[in-house]
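>>> Sequence below, structure please.
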Amino acid sequence: MPKIHSCVFTLLGVFVACQAFAQAQPPQADAVLEDVTVTAQRRAQSVQQVPVSIAAFSGEYLQHRGAGLVEDVARMTPGFTVSHGSQQSNSILAIRGVGSVGNSAIESSVGAFIDSVYYPRAGSLIGLLPDIETFEVLRGPQGTLFGRNALIGALNITTRDPGAAPAATVEAGYGDHDRISLGGVVNGPLAEHLAGRFAASYVTRDGYGYNTFSNEHYGAREDLVARGKLRLDATADLSLLLTLDYARIDAEGGAIEVLNRTATPAFNARLGSLYGATATTADPFDWRINQDHRDDLRDEQGGVALDVRYQLAGLQLRSISAWRQWRADVLESAIRIPADILPRFTLFDTRTLSQEFQLLSPTGGRFDWVAGLFLYREDYDIDQGFDAGTAFCVPTIRQLQGPTQAQQCQAAPQYRVIDGSFAQDLHSLAVFGQGSWHFNEQLSATLGLRQTHDRKRADFRLALNNPFASLVRLPETTLDMHRDDDRATWFANLSWFPRSGTMLFATASTGYKSGGFNPEGSREVLGAGRRTFGPEHATNFELGVKGTLPGGRATANLTVYRTDVKDFQDRAFDGISFNVLNVGKVRQQGVEADLRWKPLEALRFVAGVGYLDSRYLDYRAAPPLPGDTTPQDITGVRKTFSPRWQLVLDADWTARLGGGLTWFAGAGWQFLGRQNIGLISNDNPQSEQGGYGLLGARTGLRSASGKWELAVLGNNLTDKGYCLTLADQPLGATLGAQDATNHSMVQRCVVGAPRTWGLRLRWNY
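I've put the predicted structure just below:
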């Protein structure tokens, strides 16, 4: 704990110094920060009044920063990261270093809600987010008020509702890699008491990379999002909001390069002898690859939601009904070598139906409360298989097993040599309530409780249509897997306002994530026992302070936390696939600080700091290092994806020019400290990545009336090369990538985006 104590006192000193310095400055006309309204507690409140560690951004701020994706928001938020594996749909949302892989059947550790509707799969959040009202990143378990349990945090995203005033916006842009963007919003009355809003966004670009193996560019992407809303104010007490949305992504996949410092002569020689070339290139970050690369993603989703609010005797009754479907069709070169061998195809299909009822008391009295009921159904199917590929039987099987076996391989089917399916249905019921006692204007206490019951059923089938495909999978049929999880989660908080604009709070809370089943094939027959894993639980303690300076020119928020995750759901790698299992206990503790300051009308500073002390409290059967078979005891080791430091700095300057023009400029910098970004928790030093910073900037002109704006935006301006994740080379032992003596393995780097720039024109009617 001494490191935590030292860090707390350091950041507390910064907090106090910033307050003192800002208070000493003379007041400036109109130098007032925007007050962001959030709904983290199911009521509209100022972010400074919510006793939760929360980073909140208005839609105007995100638009100004050019942030149109969830990963853009992560680059602005300490304690929140977004990464992905080889599949783009395999997204990982993590808060305070804890997250879940998005393309398996595991539940998400970070709950995601758009307009109060739950999005169960992280892969469904990789698209554009147009017309945002607020984007809230809630750190810590949110196990009481949100529709679905959120073990370690939640994303609460709100889009703009229809308004009575006619308005329209058109936006167009162009950037490098022939990036073209078009978008717009139309809003206005349609009839008496009826208003509508329609928002759409389209972006297309060429790929960042070039493949010398196929002599083709790769990485192109096309996004389309459309959302329509109708709001009917039927009476003074009854309103209905209908939302329909559709989104599509067509993408070719990013760079998955060999990390040169892990490449071995044996690996290069084995690929050379088998296929006449190696996958290792001169620079692992230049987006030039030499391997079979057919990463194609077709991602579609859509839904309809009805939000009904009714005022009854001072109470508000709210009903949120939603249906959604998400489908991601992926074709990928799973082995990633200079040969057509075992291409993998996967179809993820999720259909959800949810119904939430909320009853909210009036505010302003001694006691206010929220009570609710949440009903949820999800049908989740994963169909996954492999083709042989033109280089599987010859030369691969011929070189590894002999010419006779190669002939037998060629005589067997070449398509769908592995054919697997996984089908799961989930039924969930939750009852929740939370109440706040306001003893006086300065002191409040809040208690919340939620009881959740989850019932899951699943079937798994995998067949080998070519016996030589046993190189990567074994046949298995495991049916009627089932589990029932019941869990109570709670929230307790004490908030004290010693003076106007300052809040101190202490919170204790718990979080829960249900158990489930492993949906992928394996090189072993797992059976029902090893395919099933249990729930995960979190206990969290926080102390925080939120301060707003007189006049609203600055805010400074500081939170100290400790989170223990029990029965942690981790993943083991068998050389070609991952399987989830429950391990011991993880402790994530640290400090988060968010600072905003507007000393002048023309100048705004935003800063965020996150310090994370991470360790496995109990992990005595961790995966072995490459080439070893003995499980490790990594108790006391730092958890993966847990950088000690995260830092965000941003500044904006605005100046009035002649002729009714305004000039603006800004820059932002994100720093991520050293961390292990390996997808396997085996404490492999090869998976350590040093700290790095990413620099972005923007500048432009806008009319004094705000009618139009022209901006130039750039990201990763220093063209920093970095990895989002690292993974062992698939079939590493077979391909000579494993060094059993040194317990090392060739590592594959999912490369981060290179330097990009874009020009954007926005016109408001």
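
>>> Once you drop chain neighbours, what's closest to the residue most central in space within the chain?
Note on the chain: the residue nearest the mean C-alpha position is Leu93, at 2.8 Å, using CA atoms, centre = their mean. Excluding its sequence neighbours, the residue lying closest to Leu93 (CB to CB, 6 or more residues apart in numbering) is Val110, at 4.2 Å. In this view, the C-beta of every residue, glycine as well, is placed from N, C-alpha and C.

>>> mind listing the strands for the stretch 551-700 of the chain?
554-566, 569-573, 578-582, 585-600, 603-618, 645-657, 661-672, 675-676, 688-689, 692-703 (DSSP state E, counting those that start in this stretch).

>>> Give me the neighbour count for Arg261.
Other residues lying near Arg261 total 8 when counted by other CB atoms under 10 Å.

>>> Any figure for the gap between Leu657 and Ala665?
Distance, Leu657 to Ala665, by CB to CB, to the nearest Å: 12 Å.

>>> ends of stretch 460-477, how far apart?
6 Å (CA to CA, to the nearest Å).

>>> before we move on, back to that, and the residue nearest to the centre of the chain, that one's in a strand?
Yes: assessed by DSSP: H, G, I helix; E, B strand; the rest coil, Leu93 belongs to a strand.

>>> What segments of the stretch 301-450 of the chain are strands?
Using DSSP E, counting those that start in this stretch, strands in the stretch 301-450 of the chain cover 315-333, 343-360, 367-386, 418-438, 443-464.

>>> With mean pLDDT as extra columns, can I get the strands of the stretch 551-700 of the chain in a markdown table?
Output for the strands of the stretch 551-700 of the chain, formatted as a markdown table (pLDDT from 0 to 100):
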| stretch | mean pLDDT |
| --- | --- |
| strand 554-566 | 96 |
| strand 569-573 | 86 |
| strand 578-582 | 88 |
| strand 585-600 | 95 |
| strand 603-618 | 96 |
| strand 645-657 | 95 |
| strand 661-672 | 96 |
| strand 675-676 | 96 |
| strand 688-689 | 96 |
| strand 692-703 | 96 |
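
>>> which one of those strands lies closest to Asp480?
strand 578-582 (19.3 Å; CB to CB).

>>> Within its sheet, name the partner strands of that closest one and how each one runs.
Strand pairing for strand 578-582, using DSSP bridges, gives strand 569-573 (antiparallel).

>>> and the angle for the partner strand with strand 585-600?
110 degrees (axes from the mean of the first three to the mean of the last three CA atoms, to 10 degrees).

>>> Select, out of the strands of the stretch 301-450 of the chain, the one closest to Tyr722.
Closest to Tyr722 of those is strand 315-333 (CB to CB; 22.0 Å).

>>> which regions of this structure sit below the pLDDT cut-off?
Counting by pLDDT under 70, the chain contains low-confidence residues at 1-31, 86-87, 102-103.

>>> Helices of that one, start to end?
2-24, 59-65, 70-74, 265-275, 398-401, 403-411, 527-531 (DSSP state H).

>>> ok, the residue nearest to Leu317 when sequence neighbours are not counted - how many residues close by?
In space, and not counting its chain neighbours, Leu317 is closest to Tyr310: 4.7 Å by CB to CB, 6+ apart. Neighbour count of Tyr310, defined by other CB under 10 Å: 15.

>>> what's the answer for Leu657, then?
Neighbour count of Leu657, defined by other CB under 10 Å: 10.

>>> In this structure it contacts Phe664, no?
No: when contacts are counted by CB atoms under 8 Å, Leu657 is not listed as touching Phe664 (10.4 Å).

>>> contacting residues around the closest residue to Ser108 other than its chain neighbours?
In space, and not counting its chain neighbours, Ser108 is closest to Ser100: 5.2 Å by CB to CB, 6+ apart. Residues near Ser100 by CB atoms under 8 Å, 6 or more residues apart in numbering: 92-93, 106-110, 122, 513, 569.

>>> how many other residues sit next to Gly529?
Quick note: Gly529 (other CB under 10 Å) scores 8 neighbours.

>>> how close does it sit to Gly584?
19 Å.

>>> Counting neighbours, what do you get for the closest residue to Leu33 other than its chain neighbours?
Nearest residue to Leu33, sequence neighbours excluded (CB to CB, 6+ apart): Lys598, at 5.0 Å. Using other CB under 10 Å, Lys598 has 24 neighbouring residues.

>>> Might you report the residue contacts of Lys598?
31-33, 553-554, 604-605.

>>> from the residues you listed, which would you call buried?
Buried residues within the contacts of Lys598, counting neighbours by 16 or more other CB atoms under 10 Å: 31, 33, 553-554, 604-605.

>>> could you dump those residues to CSV with distance to Gly272?
CSV is the format used below for those (distance: CB to CB, whole Å):
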residue, distance to Gly272
Ala31, 65
Leu33, 60
Arg553, 64
Ala554, 61
Arg604, 56
Phe605, 54
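
>>> Name the nearest of those residues relative to Thr635.
Thr635 lies nearest to Phe605 out of these, by CB to CB, at 41.5 Å.

>>> any idea how far Asp419 is from Ala263?
From Ala263 to Asp419 the distance is 34 Å (CB to CB).

>>> Next: Trp763.
Taken as CB to CB, the span from Trp763 to Asp419 is 52 Å.

>>> same thing with Ala67?
For Ala67, the distance to Asp419 - CB to CB - is 41 Å.

>>> do the same with His84
From His84 across to Asp419, the span is 26 Å (CB to CB).

>>> Is it correct that Arg231 is in contact with Ala164?
No: applying CB under 8 Å as the test, Arg231 and Ala164 come out as separate, 9.2 Å apart.

>>> Between these two, which contacts overlap?
In terms of CB under 8 Å, 6+ apart, Arg231 and Ala164 are both contacted by the residues Ala195.

>>> Looking at the two, which one has more neighbours?
With neighbours defined as other CB under 10 Å, Arg231 and Ala164 compare such that Arg231 has more, 21 against 12.

>>> Now the closest residue to that one other than its chain neighbours, what are its backbone angles?
Leaving aside its chain neighbours, Arg231 sits nearest to Pro162 (4.3 Å; criterion: CB to CB, 6+ apart). Backbone torsions of Pro162, given as degrees, to the nearest 10, read phi -60, psi 140.

>>> try Asp567
phi 60, psi 50.

>>> Roughly how far does it sit from Ala488?
Going from Asp567 to Ala488 by CB to CB gives 16 Å.

>>> What count of nearby residues applies to the nearest residue to Asp719 once chain neighbours are set aside?
Computed as CB to CB, 6+ apart, the closest residue to Asp719 that is not its neighbour in sequence is Arg755, at 4.1 Å. Using other CB under 10 Å, Arg755 has 16 other residues around it.

>>> Contact partners for the residue nearest to Leu347 when sequence neighbours are not counted?
Distances taken as CB to CB, 6+ apart place Asp383 nearest to Leu347, at 4.5 Å, with adjacent residues excluded. Asp383 is in contact with 346-347, 349, 420-422, counting by CB under 8 Å, 6+ apart.

>>> Take those residues and write them to TSV, including neighbour count.
Below are the contacts of Asp383 laid out as TSV (neighbours: other CB atoms under 10 Å):
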residue	neighbour count
Thr346	23
Leu347	16
Asp349	15
Gly420	22
Ser421	16
Phe422	25
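
>>> what about stretch 159-170, start to end distance?
End-to-end for stretch 159-170, by CA to CA: 17 Å.

>>> Renumber starting at 34 from here on
In the new numbering, first residue 34, that becomes stretch 192-203.

>>> So which bits of that stretch are buried?
Under 16+ other CB under 10 Å, the buried positions of stretch 192-203 are 192-195, 202.

>>> Who are the packing partners of the longest strand anywhere in the chain?
Longest strand in the chain, counting residues (DSSP state E): strand 509-532. When contacts are defined as 3 or more CB pairs under 8 Å, 6 or more residues apart in numbering; DSSP states H and E, strand 509-532 sits against strand 476-497, strand 535-546, strand 549-550, helix 560-564.
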